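Asker: Need a 3D model of the sequence below.
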Amino acid sequence: QDRLNSLSIQDSDRDDGKPQKPQEESLDSILASFRQRTKELEMAVQEPIDTSFPCPPRGNFTLTLCPTNGLFYMFGGEYYDGSENLVFDELLRWNPDFKADNNDEQEGANENKSDSTDNNNNIDSYDTGKWTRILTPAPTPPPRCAHSAVFHNDGIYIFGGEMATAEKYHHYKDLWRLDVKKNTWEECKSRGGSPPAARSGHRAVAWRHYMIIFGGFQEELRADTRWFNDVHIFDFQTNIWCELKYNKLARLPPARSACNMTVCADALFIYGGYSKLKNANTGAGANKSEGITHIDCWMLPLKPLINASKSGPLSGASPPSWERISRKGEYPSQRAGTSAVLHKNKLLVFGGVLDSEGDQHKMESVFYDDLFALDMERRRWFAMRLKKTSGGGRRRKKKDNQDDSKVENDGGNDSDNSEEEDEEVPQNDAEAISSGWDLDKLRHDMFAFIDGNGNIVYEKIEDEDGDGEDDSNKIGEEEKTKEAPDPPTDATPVGKTVTKEKKQVGVKNVDKIDASAVMQVDSKGLPSTVTRHTPLPRINCAVAIKGNTLYIYGGVVEVGDREVTLDDCWSIDLNKRDKWTCIWPGQMHKQVWKGVDDDDSYISSDQGGDDDEDSLDEDFELDPIHEDDVNNDEKMTEEERKKAKKAAKKAKEKEKRRGVRHEITELKEKLGVDNAQRTPQMGESVAEFYARTTEYWSVEAAKSAGVAAADSGERLSTKELAREGFLLAKERYEQLKPMLQRLDELEAMQQEGAEEKHKKKDKKKSSKKDRR
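Answerer: Numbers count the residues shown, from 1 in each chain. Okay, here's the model as predicted:
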């Protein structure tokens, strides 16, 4: 409950409808006490969680089905709130089929779930199943995210991943096994072979008595990020690793992370992924890494491994060859961050994002919410749209191709194959038309959030045409009804409404909206969820199959610089495919975002915040923190001391930048740099300076000679005028040389500061983008 309260605003935390500041208790201390408790355990302990679904939400975790008991196991993950990145080592178990009874145990569970009851949604209307926290005795794997997990022989194997916080950044290469019967961990030490390098964002599958690892990336502080396309195989029976080594002429998939991978009919399939490639060109863009969103599909036959020697797969044998599969059918558009799971002979692919770099290096992203299937037997793509319920019978596309007809006739009448029979094979191979959510639509449909001070903050929606008309294509489903009242502005207290209008804020037109596809503001000014009928677009969600039911849980959506970690859960019957069922609507509308959007895209409702803090600008200065102020220091918590230290550091950096700008301005005024004839360029020698400005200095020498001739009655020759001109140029050069050197240093410092600021901003997103 402490963890929940520190990361979200609860209705009970509010007084008279006004948002309050979230609790300041450090989550690090809570997680530390949790880990200390597990160290003291002698045997595993199982306990129900305090909320309907795991809280805080998290991304880049693993959700693995255990076929022997029909339960899902969730491990690891991360949560980013704009200020810090939390990485988890919790082990949770989920039974989606659990139904609450009226016995005492279930009444207690319902009481625990009451904390998440919403104004508009009753938790009892959702069949959330049962979540259990498993506290395991030592040893346990360290916290991590972006790792891999596979199931084999009553065990879940965890490999790799990363620990990415403000204090630590580390890639793992260890392998752990969870015994699902005993609920204990053990580290699997290699007994030989070539283990994979440390990495995250890789993919793993279990095949026969092997685990196959492909791809991933490794980021180091003092080295370039590496992407992998190697294949490593772990033998569960012998604990021996083996790498498939290819010669330089072999045709291989390009290196990548975050691809989709599965095994079907003794063949390994990979699709998509993300990587970066350095620009080898010279000039302004030299050595700059450019993101690559892969759309290719590859197949690796695994049958040659079956006849390998007992000492290890492919011991002394040649590895099988990769085959690139052409895109046929109705295939997905270019995207990264997709999630995939195997169902029968199909690879189901959901979601994704397409990133493109816009003006001033701003990332423009389009998120998707559609579902596709790659039939690995027919090597064709299908768009898995919802079926229309009207008409009652199956509709099948007639095929002119005789081979396709044969496949159709082999389908049978079994209900398990109904989704296969209902597929409509497109007549032409073409990319599916997908209507993704761009930034404008995301800001309309996810328009508000809660900041670290408890304020409800609203998005700035720019109207490029300036005509005051609404763009209905950019507004969520719930907003297409009647005109709704606006959320409160700075001049409107929370709890009151204003008429829908365009309001001028600075130089931007703002389209204020009150309801969206994610949340709305109730009469008390509190955020509440909105009922949806389909999942939101997202990346890196957990997808899992149990029977003929597909589950989608969590994921991430980015709205500008704001990262929303989703925690909703959905299911769909793949036989019927007539509707999505919401298992849990999520608590995204109660998340606290502590980050700052650099493009000034938010408007605060100014409830519970501090006007002085909201008006910070480039000239803002902080009073120095005196170390001898013992009384105040004792009252400050560790969190407050960190914030004060960080604020003082920022103020010092701003003061330094302001001083550099001021000195540059003064030097330019003294130098008169506007007159290029009188000012040497950087790197010019005296001779080069004079050669470029000979005409100017000849005129200046003639003027001086004219005055001298009037006094003495003697005139200088052309050669003497040239010499005088050179002396004047040299005198000017020597006079300005120290100031030019200083100006060059200052401009280099200014450029370096700008580049460093840009790098820091990119660094925060780099590993998350890499995992796409």
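
Asker: By mean pLDDT, flag the weakest helix or strand of the chain.
Answerer: Every helix and strand of the chain was ranked by mean pLDDT, DSSP states H and E. The lowest is strand 502-505, at a mean of 32.

Asker: Burial check on the residue nearest to Thr225 when sequence neighbours are not counted, number of neighbours?
Answerer: Spatial nearest neighbour of Thr225, chain neighbours left out: Glu219 (4.6 Å); criterion: C-beta to C-beta, 6 or more residues apart in numbering. All C-beta atoms are positioned from the backbone trio N, CA, C, and that covers glycine. Neighbourhood size, Glu219 [other C-beta atoms under 10 Å]: 20.

Asker: my guess is Glu219 meets His171, correct?
Answerer: Yes: contact criterion C-beta atoms under 8 Å: Glu219 and His171 qualify, at 7.3 Å.

Asker: in this protein, which spans are helices?
Answerer: 2-7, 27-39, 104-113, 303-306, 402-409, 418-421, 439-445, 611-614, 630-635, 638-671, 686-692, 694-712, 718-770 (DSSP state H).

Asker: quick one: Leu91 from Ala206, how far?
Answerer: Here Leu91 is placed at a distance of 19 Å from Ala206 (C-beta to C-beta, to the nearest Å).

Asker: So for the two, which sits in the more crowded spot?
Answerer: Legend: neighbour count by other C-beta under 10 Å for Leu91 and Ala206, higher for Leu91 (23 against 17).

Asker: Could I get the contacting residues of the nearest residue to the more buried one once chain neighbours are set aside?
Answerer: Residue nearest to Leu91 in three dimensions, not counting chain neighbours: Ile134, with 4.6 Å by C-beta to C-beta, 6+ apart. Contact partners of Ile134, counting by C-beta atoms under 8 Å, 6 or more residues apart in numbering, are Ala44, Val45, Gln46, Leu91, Leu92, Arg93, Asn183.

Asker: quick one: low-confidence parts of the stretch 201-350 of the chain?
Answerer: 221-222, 279-288, 307-317 (pLDDT under 70).

Asker: same check, this time on the stretch 601-750 of the chain
Answerer: Using pLDDT under 70, the stretch 601-750 of the chain drops low at 601-640, 642-643, 650, 660, 664, 667-674, 682, 706-716.

Asker: quick one, what contacts the closest residue to Met43 other than its chain neighbours?
Answerer: Spatially, and ignoring its direct neighbours in sequence, Met43 is nearest to Pro137 (6.2 Å; C-beta to C-beta, 6+ apart). For Pro137, the contact set (C-beta under 8 Å, 6+ apart) comprises Thr38, Leu41, Glu42, Met43, Ala44, Thr184.

Asker: Looking at the contacts of Ile134, state which has the most neighbours.
Answerer: Of the contacts of Ile134, with other C-beta under 10 Å as the count, Leu91 tops at 23 neighbours.

Asker: Look up how far Gly352 lies from that one.
Answerer: Leu91 is 28 Å from Gly352, by C-beta to C-beta.

Asker: My guess is Glu724 contacts Ala701. True?
Answerer: Yes: in this structure Glu724 lies within contact range of Ala701 using C-beta under 8 Å: 3.9 Å.

Asker: And His171, how far from Cys145?
Answerer: As defined by C-beta to C-beta, His171 lies at a distance of 11 Å from Cys145.

Asker: Overlap in contacts, these two.
Answerer: Gly161, Glu162, Ser200.

Asker: from those, which is closest to Glu357?
Answerer: Ser200 (23.6 Å; C-beta to C-beta).

Asker: Contact partners for the closest one?
Answerer: 144-147, 160-162, 171-172, 216-218, 257, 767, 771.

Asker: switch the cut-off to 6 Å
Answerer: Ala146, Gly160, Gly161, Glu162, His171 (C-beta atoms under 6 Å, 6 or more residues apart in numbering).

Asker: Same check on Tyr126?
Answerer: Trp584.

Asker: Could you measure from it over to Gly59?
Answerer: Tyr126 is 22 Å from Gly59, by C-beta to C-beta.

Asker: number of nearby residues for Ser365?
Answerer: Count around Ser365 with other C-beta under 10 Å applied: 23.

Asker: again, but for Pro141
Answerer: 23.

Asker: Now it: closest residue in space, sequence neighbours ignored.
Answerer: Trp176 (4.4 Å).

Asker: So what pairs up with the one you found in the strands?
Answerer: Ile158, Glu187 (DSSP bridges).

Asker: Can you get me a residue count around it?
Answerer: Other residues close to Trp176 by other C-beta under 10 Å number 22.

Asker: does it really touch Ile158, like I thought?
Answerer: Yes: the pair Trp176 / Ile158 is scored as a contact, 4.6 Å apart, by C-beta atoms under 6 Å.

Asker: Mutual contacts of the two, please.
Answerer: Counting by C-beta under 6 Å, 6+ apart, the residues touching both Trp176 and Ile158 are Pro141.
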